[in-house]
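Novice: coords please:
(one chain, ligands or ions: 1)
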Amino acid sequence: MIFDLDMIKAVYDRYQLKVRMARKVVGRPLTYSEKILYSHLFDNNLSEPFIRGESYVDFAPDRVAMQDATAQMALLQFMQAGKKKVAVPSTVHADHLIQARVGADKDLQDAINKNNEVYNFLSSVSNKYGIGFWKPGAGIIHQVILENYAFPGGMMIGTDSHTPNAGGLGMIAIGVGGADAVDVMAGMSWELKFPKLIGIHLKGKLNGWAAPKDIILEVTGLLTVKGGTGYIIEYFGEGAESLSATGKGTICNMGAEVGATTSIFAYDESMSKYLKATGREEIATMADKIKEELRSDPEVYENPNNYYDQLIEIDLNTLEPHLNGPFSPDIATPISSIKEVAEKNGWPLRVDVGLIGSCTNSSYEDISRAASIAKQAADKNISPKAEYTITPGSELVRYTVERDGFLTIFEQIGGKVFANACGPCIGQWAREGAEKQQKNTIVHSFNRNFAKRADGNPNTYAFVASPELVTALAIAGDLSFDPRKDKLKNDKGEEIMLDEPQGYELPPGGFEVDDPGYQKPAEDGSEINIKVSPTSERLQLLESFPAWDGKNITGMRLLIKAYGKCTTDHISMAGPWLKFRGHLDHISNNTLIGAVNAFNMETNKVKNEDTGEYMAVPDSARKYKADGVPTIVIGDYNYGEGSSREHAAMQPRHLGVRAVLVKSFARIHETNLKKQGMLALTFANPDDYNKIQEGDIFNFLDLDQFAPGKSITIELVHADASKENIIANHTYNSGQIEWFKAGSALNLIKMNEDK
Ligand code: F3S
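Specialist: Got it, this is the predicted structure:
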């Protein structure tokens, strides 16, 4: 058994009681999301309700999932915590590092050859610490989670933004950074601002060419890419209950595209069927027993306006198939107007490639519906005008759809089946000719379509649609083709209409797989040694950051005074640097290279006071570090916004930065800095930012009295020897001050473990 039945039993054993307690404290009926959140509190002493959008709450998630790109640093950190095993069931999924080029087998072998060292590391660390490892080729993290681990009423975090996919099985599933995963795996709490709620009432039933994907494409158009920030989206209504569990997964997956914390559907018959079809009958039976609590209270459905912060209604009876794009998933166009809109905007109408699959849309239902369109082309002698590719989401689905003949149908129309991995969805697509940067159109069933995302070509116009519509458009080779009314010419010149897609919610012959690609961890991993070559390019074991000596830090030099926006991308760029995500020293060579130096308005060019020369930021930091000179980074408002990646805090720390002093922080980055043993400070008077000069020396005057709520005085010694003091504020509580004293949160966990 791959899933952890005992853990799920324990969750269900306490779930009802906790929901009842919460209902009493909150004093009103609860929505489904609230039930799950209140039943997963880290601290059981609930005395007053939390305020949505305001209260910071410590949660205890049931599981953790990590994909291979983010797992490397998460596991390197976890190894430092001194734990023998992870505290909650956890998995690693090797899906992001496989490049799609010629086809599944060859591409998979190439990836194994190229990333062997990383895969071996992930596999052996997983084995040692009790983490399930899904090997390269096993599938994409979210599809594998849905098939094996997601369960109604549960709560999980995952180091990938599309973790909410598990909402299709009624789970609160949230994307986080690696540092959060480490905390939960080490048995610590996980903090989240109690989300606000958007209710989406789905009325009626999908029909014809409309698919679950079209629901989220419509929602994305309504809410835009920022409209869901800080919210959980809860779907309900007869339309919700008419959707398959995997269709619900597609919708929840793409809630990430509106910035939602997560999305969720209540437990229903489709989830029960899916659990049974994927070998989890026991879970369905347990869920059935408490099904009234695995949904919102009846009053919520009767008067949703009273319980949701926003309410949206969508009529599925009249919902049209959509094409969203180009360059942003929230540019939503119903298919009936795509011709007019595309012509008006100069979007290329010729479709060069249609791509189906990805974590968003590669269920048995998706593949069977797409195959029903492809079969018509094969049977009616219509040669597809565009290239066509299929990226299955898991080996379970791939094996089953191959057995049932769907892959043969795709091959009959020239389709190319890639490995069960992210592939083109994450830019791992060696698309021939992309380097010529020609203007062209592709359509895909993935979730994101930002410029360059799929093939690196900024002139590729990518549109997101359901797999069945992608298939029809690839056959037609025309973005303006509306299969509901337009005809195609077959090879004999006859005019042909495509019939509406038909599919199966679940395989009539059941799911089947030969080798799912799962590595069960060792019962006792204590004898397993993790070896990382000291000369490795890709991986580096972490060394503990040094503890604070209890003294005022003095003689600090300015590394950079960043001007304006400084996001985590400015602090630790992605793109070509991704391959160094497991090597702190190598990736540190990108530290702050995107930040603008306020003194010369240039990037990656700062003055090093030791040499008097201008140099790259990482070079200057390394020079100061080698000379034993501590450094400080100065920043503007909302410093560190963007992703939750912990590299943006670890890298400056590794390069000798001791403090980051800014006008304000993005909260997650501020916490990440604290966790890595840095001083995250804000100007008491934001105008003091202007007092910082290039050649300043910074002396802390009262850091030795570091205490919650007490501001800190910093003496600036300017180049002309004049001095002035500025006041810095901080938000450290007493526990976080212990992190600083220990050198990092992980050091503290280890110290406690060693006691
Ligand atoms: Fe992978 Fe794309 Fe999903 S990168 S996890 S298939 S969003």
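Novice: Is residue 585 in a helix, a strand, or coil?
Specialist: What DSSP: H, G, I helix; E, B strand; the rest coil gives for residue 585 is helix.
Novice: And the residue lying closest to it once chain neighbours are set aside, how far from the ligand?
Specialist: Spatial nearest neighbour of residue 585, chain neighbours left out: residue 540 (5.7 Å); criterion: C-beta to C-beta, 6 or more residues apart in numbering. Quick note: C-beta positions are derived from backbone N, CA and C, even for glycine. Residue 540 is 25 Å from the ligand, where distance means C-beta to the nearest ligand atom, to the nearest Å.
Novice: Could you tell me how many residues sit around residue 219?
Specialist: 27 (other C-beta atoms under 10 Å).
Novice: same thing with the one 3 residues further on?
Specialist: Using other C-beta under 10 Å, residue 222 is surrounded by 14 other residues.
Novice: swap in residue 225?
Specialist: 16.
Novice: Then it would be within a strand, right?
Specialist: No: counting by three-state DSSP, residue 225 is not part of a strand but coil.
Novice: For the stretch 251-400 of the chain, list the residues in contact with the ligand, please.
Specialist: Counting by C-beta under 6 Å from any ligand atom, the stretch 251-400 of the chain comes close to the ligand at 358-359.
Novice: and what of the chain?
Specialist: 95, 140-142, 160, 162, 358-359, 422, 425-426, 446-447.
Novice: Nearest to residue 534 among these?
Specialist: Set against residue 534, the nearest of those by C-beta to C-beta is residue 95 (28.3 Å).
Novice: sorry, back to before: for the residue nearest to residue 585, give its distance to residue 744.
Specialist: According to C-beta to C-beta, to the nearest Å, residue 540 stands 16 Å off from residue 744.
Novice: With residue 411 instead?
Specialist: Residue 411 is 52 Å from residue 744, by C-beta to C-beta.
Novice: who has more neighbours, the two?
Specialist: More crowded of residue 411 and residue 744, by other C-beta under 10 Å: residue 744, with 25 against 15.
Novice: Now for residue 44, how many residues are close by?
Specialist: Using other C-beta under 10 Å, residue 44 has 9 other residues around it.
Novice: How about residue 252?
Specialist: 32.
Novice: just residue 247 next, same as before
Specialist: Residue 247 has 26 nearby residues by other C-beta under 10 Å.
Novice: who's in contact with it?
Specialist: The contact partners of residue 247, taken as C-beta atoms under 8 Å, 6 or more residues apart in numbering, are 168, 211-212, 363, 365.
Novice: what two of the residues you listed are the furthest from one another?
Specialist: Farthest pair in the contacts of residue 247 (C-beta to C-beta) is 168 and 211. Separation: 14.0 Å.
Novice: Just list the residues touching the residue in the stretch 151-300 of the chain that the ligand sits nearest to, thanks.
Specialist: Relative to the ligand, the nearest point of the stretch 151-300 of the chain is residue 162 (4.6 Å; C-beta to the nearest ligand atom). Taking C-beta under 8 Å, 6+ apart, we find residue 162 in contact with 142, 175, 253-254, 256, 359-360, 447.
Novice: Report the separation between residue 243 and residue 21.
Specialist: Residue 243 is 32 Å from residue 21, where distance means C-beta to C-beta.
Novice: Between those two, tell me which one has more neighbours.
Specialist: residue 243 (26 against 15).
Novice: Tell me if I'm right that the more buried one and residue 270 touch.
Specialist: Yes: judged on C-beta atoms under 8 Å, residue 243 makes contact with residue 270 at a distance of 6.5 Å.
Novice: ends of stretch 530-544, how far apart?
Specialist: 17 Å (C-alpha to C-alpha, to the nearest Å).
Novice: no, scratch that, I was asking about stretch 42-56
Specialist: 12 Å.
Novice: buried set for that stretch?
Specialist: Under the neighbour-count criterion of 16 or more other C-beta atoms under 10 Å, stretch 42-56 has 50, 52 buried.
Novice: now it: how far from the chain's centre is it?
Specialist: The chain centre lies 25 Å from the centre of stretch 42-56; the measure is C-alpha atoms, centre = their mean, to the nearest Å.
Novice: how about the residue in the stretch 501-650 of the chain positioned nearest to the ligand, phi and psi?
Specialist: Residue nearest to the ligand within the stretch 501-650 of the chain: residue 578 (11.7 Å; C-beta to the nearest ligand atom). Taking degrees, to the nearest 10, you get phi -50, psi -40 for the backbone angles of residue 578.
Novice: so who does it touch?
Specialist: By C-beta under 8 Å, 6+ apart, residue 578 lies in contact with residue 69.
Novice: cool, and residue 294?
Specialist: Residues near residue 294 by C-beta under 8 Å, 6+ apart: 32, 35, 152-153, 170, 266-267, 287.
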